[in-house]
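Undergrad: Return a 3D structure for these sequence lines:
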Amino acid sequence: MQENTDILLIADILLIEDSQSQALSFKLMLERAGYSVEVAGDGIEGWRQACASNPRMILLDIDLPSLDGYQILGRLKRHRRTASIPVVMLTHRDNVTSVQRAIDLGADDYLFKDDAPYELCATVAQALANTPR
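TA: Down below sits the predicted model:
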């Protein structure tokens, strides 16, 4: 009997972040905590990966090339396949208007990048608590 070696592994987290240094930092932080992480470097790539790989959750920057985080979030929440994926905005934008817009579009949480070293893993654990493996 032949084993099926083409098993699709679903990443726990899709990180959509255009800064390579920040993406690497967040990825390493999350992998040390035991999560599998895929990284997309721009909006279009992130949208495509979200649809193709169906991650358990998405960490989404707002300021991205090609499609910004708000555009991606709106698409994710309107698309049947991705609507239930929890999305946490991970951004430098720390004003009430940005937070409110993200929440209105369906973001599950909002994390400031400056707070990420202290809160990222807890925020991810909370977002993943009710999603199937």
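Undergrad: which residues of this protein fall in helices?
TA: 20-32, 43-53, 69-78, 96-105, 116-128 (DSSP state H).
Undergrad: can you put these in CSV and add mean pLDDT, distance to Ile85 and mean neighbour count?
TA: For glycine as for every other residue, the C-beta is placed from the backbone atoms N, C-alpha and C. As requested, those are arranged in CSV below (pLDDT from 0 to 100; distance: least, CB to CB, whole Å; neighbours: other CB atoms under 10 Å):
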stretch, mean pLDDT, distance to Ile85, mean neighbour count
helix 20-32, 96, 16, 15
helix 43-53, 94, 7, 18
helix 69-78, 96, 7, 19
helix 96-105, 93, 14, 14
helix 116-128, 92, 10, 16
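Undergrad: Distance to Asp12 for the ones you listed - can I get that in TSV?
TA: Compiled in TSV, the helices of the chain are given as follows (distance: least, CB to CB, whole Å):
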stretch	distance to Asp12
helix 20-32	8
helix 43-53	11
helix 69-78	17
helix 96-105	21
helix 116-128	7
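Undergrad: Ok, which of those helices comes nearest Asp63?
TA: Nearest to Asp63 among the helices of the chain is helix 69-78 (7.2 Å), distances taken as CB to CB.
Undergrad: Is Leu64 in contact with Ile16, as I believe?
TA: Yes - taking CB atoms under 8 Å as the contact criterion, Leu64 and Ile16 are neighbours in contact, 6.7 Å apart.
Undergrad: Mind listing the shared neighbours of those two?
TA: Taking CB atoms under 8 Å, 6 or more residues apart in numbering as the contact criterion, the common neighbours of Leu64 and Ile16 are 42-43, 46, 72.
Undergrad: Now flag whichever of those is closest to Phe112.
TA: Within the set of these, Ile72 lies nearest Phe112; the separation is 18.6 Å, counting by CB to CB.
Undergrad: what residues are up against that closest one?
TA: Counting by CB under 8 Å, 6+ apart, Ile72 touches 16, 43, 46-47, 50, 60, 64.
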